[in-house]
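K.L.:
just the structure for this:
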Amino acid sequence: MRGSARGRRVGLLGGSFNPAHPGHRHISLAALQRLGLDEVWWLVSPQNPLKASAGMAPLADRLAGARAAARHPRIRVLDIERDLGTRYTADTLAALGQRFPGVRFVWLMGADILIELPRWVRWTEIFHRVPVAVFARPTYLLKAMAGRAAKRFAQYRVDPARGRALPDLSPPAWAYFPIRKHRASATAIRAGRQSHGAAMQEDLSDTQS
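P.N.:
Predicted coordinates:
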């Protein structure tokens, strides 16, 4: 894969994908259109440093679920962080820049991630390595725009109408895209699965009592 994407415009959507869901696909399709990207790469993390390993599905299962959820020829599901040996996004971006020097990368995230970004290791480095595209998520707009990350890089925010130019801008540069909000949430999906499992266990107990 080294160098195979030279000259292309690629959006990077990182995360645990535990599990992948239609919201990931929704943001990816918006990024392809609004930013004029050639591809979006889903970077399925072996283990998110901010999340407990308990309750984390095996990487192979998360990769399979992500491929089933992507359902698009221009969305690629990768476990490249395992290959690169990186744990933090800042290190992943540095390694990708070395491996694919001709690619114009853009980091993609929902507004909820912009809020928590200052908890990430060397988070400011992300803005200095690649342009960043932030997409609307339900209920998060005001908090995201008032958050530490948005304020820290306020002077580098560009109009979303210039979205197709964002991959070509020298970082730091970022834009917020007020797209139609998608309510899918991995947390809610996991909670629903747990509730369903508990209900099934209760029904099973009833039949055995």
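
K.L.:
so which residues of the protein form strands?
P.N.:
All strands of the chain, identified by DSSP state E, fall at 9-15, 39-44, 75-78, 104-110, 132-135, 174-177.

K.L.:
pick the most deeply packed of these.
P.N.:
strand 132-135 (a mean of 27; mean count of other Cβ atoms under 10 Å). Where C-beta positions appear, they are placed from N, C-alpha and C, glycine not excepted.

K.L.:
parallel or antiparallel, which strands does it pair with?
P.N.:
Using DSSP bridges, strand 132-135 pairs in its sheet with strand 104-110 (parallel), strand 174-177 (parallel).

K.L.:
contacts for stretch 33-44, please.
P.N.:
If you take Cβ atoms under 8 Å, 6 or more residues apart in numbering as the criterion, stretch 33-44 is touched by 5, 8-17, 20, 24, 28, 31-32, 59, 62-63, 66, 70, 74-81, 92, 106, 108, 133, 160, 163-164, 166-167, 177, 179.

K.L.:
residue 175: what's it in contact with?
P.N.:
Contacts for residue 175 (Cβ under 8 Å, 6+ apart) come out as 131, 132, 133, 134, 157, 158, 159, 160, 162, 163, 166.

K.L.:
swap that for residue 12, sorry
P.N.:
By Cβ under 8 Å, 6+ apart, the neighbours of residue 12 are 40, 41, 43, 93, 96, 105, 106, 107, 108, 130.

K.L.:
beta-bridge partners for it, please?
P.N.:
residue 41, residue 107.

K.L.:
how close does it get to residue 166?
P.N.:
Distance of residue 12 to residue 166, computed by Cβ to Cβ, to the nearest Å: 13 Å.
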